[in-house]
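*Asks:* coordinates only, no sequence provided:
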């Protein structure tokens with residue numbers, strides 16, 4: 001299967017699909033952190049190519065409920081509309097018949113007006129990681145993910161990450177258990 005992992009710099013999800021024998025590549029504005037097939041640049045430059053499956057980790061800064069207070073305080077409404085438009089690009093591909101999974105945190109009510117409600121909420125503890133981080137999936141032509149390894153002793157690690165310029169990278173990295181479940185169940 002030809003798989004595109006959109007907006008992924010880490011290579012974690014891409015590598016999970018490659019390990020299962022798929023022709024997978026990642027794409028991001030940043031270089032990849034792991035050696036492997038990666039297009040560095042705007043995803044819109046390669047969406048004309050054929051892919052059987054697209055998994056999109058759309059930037060969440062202006063869509064996520066955790067940042068809703070900044071919309072009014074810093075007048076970031078135009079940024080939110082642009083983020084929703086980018087998000088909807090992937091939804092339109094899914095509605096056209098391509099298998100598409102879009103991953104994002106819980107969205108705020110203003111974003112939901114433009115991107116719609118998610119199909120499923122998952123947690124890292126459902127896939128072998130002892131932590132909490134609610135993750136929403138918008139699924140098109142794909143089944144809901146089934147938990148593979150439920151873990152006890154859950155902790156909210158992500159929000160405790162030390163502030164700094166690279167904090168967003170650690171917060172946005174997909175955990176290996178979830179990547180493996182995506183590759184096994186959607187590949």
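*Replies:* That came in fine, so what should we check first? Given the structure is predicted, the values throughout are model-derived calculations rather than measurements. Numbers count the residues shown, from 1 in each chain.
*Asks:* every contact and neighbour count from this point should use C-alpha atoms.
*Replies:* OK.
*Asks:* what lies in contact with stretch 13-31?
*Replies:* Outside stretch 13-31, the residues that touch it by Cα atoms under 8 Å, 6 or more residues apart in numbering are 1-9, 11, 32, 36-43, 174, 176, 179-180, 182-184, 187.
*Asks:* buried only: go through these for me.
*Replies:* A residue is treated as buried here by neighbour count (16 or more other Cα atoms under 10 Å); on that basis the buried members of the contacts of stretch 13-31 are 3-9, 11, 32, 37-40, 43, 174, 176, 179-180, 182-183, 187.
*Asks:* what about those, which are in helices?
*Replies:* Where the buried ones among the contacts of stretch 13-31 overlap with helices, as defined by DSSP state H, the overlap consists of 176, 179, 180, 182, 183.
*Asks:* for residue 90, state which of the residues you listed is nearest.
*Replies:* For these, the closest approach to residue 90 (Cα to Cα) belongs to residue 182, at 17.3 Å.
*Asks:* wait, what's in contact with the closest residue to residue 148 other than its chain neighbours?
*Replies:* Distances taken as Cα to Cα, 6 or more residues apart in numbering put residue 127 closest to residue 148, at 5.2 Å, once the chain neighbours are dropped. Shown here is residue 127, whose contacts under the criterion Cα under 8 Å, 6+ apart are 147, 148, 149, 150, 151, 177, 178, 181.
*Asks:* for residue 127, give its distance to residue 149.
*Replies:* When Cα to Cα, to the nearest Å is applied, the distance between residue 127 and residue 149 equals 5 Å.
*Asks:* all helices of the protein, in order?
*Replies:* Taking DSSP H, the helices of the chain run over residues 12-19, 69-73, 77-95, 109-115, 167-172, 176-186.
*Asks:* who are the neighbours in contact with the nearest residue to residue 33 once chain neighbours are set aside?
*Replies:* In space, and not counting its chain neighbours, residue 33 is closest to residue 10: 5.0 Å by Cα to Cα, 6+ apart. By Cα under 8 Å, 6+ apart, the residues touching residue 10 are 32, 33, 34, 173.
*Asks:* hmm, residue 11 and the third one touching each other?
*Replies:* It stands for residue 34. Yes: Residue 34 is within contact range of residue 11, at 5.7 Å (criterion: Cα atoms under 8 Å).
*Asks:* what number of residues are in the vicinity of the nearest residue to residue 6 once chain neighbours are set aside?
*Replies:* Across the structure, with Cα to Cα, 6+ apart as the measure, the residue nearest residue 6 apart from its sequence neighbours is residue 56 (4.5 Å). Summarising burial for residue 56: neighbours were counted as other Cα atoms under 10 Å, giving 23.
*Asks:* how much space separates residue 56 from residue 93?
*Replies:* Where residue 93 is concerned, residue 56 sits at a distance of 11 Å (Cα to Cα).
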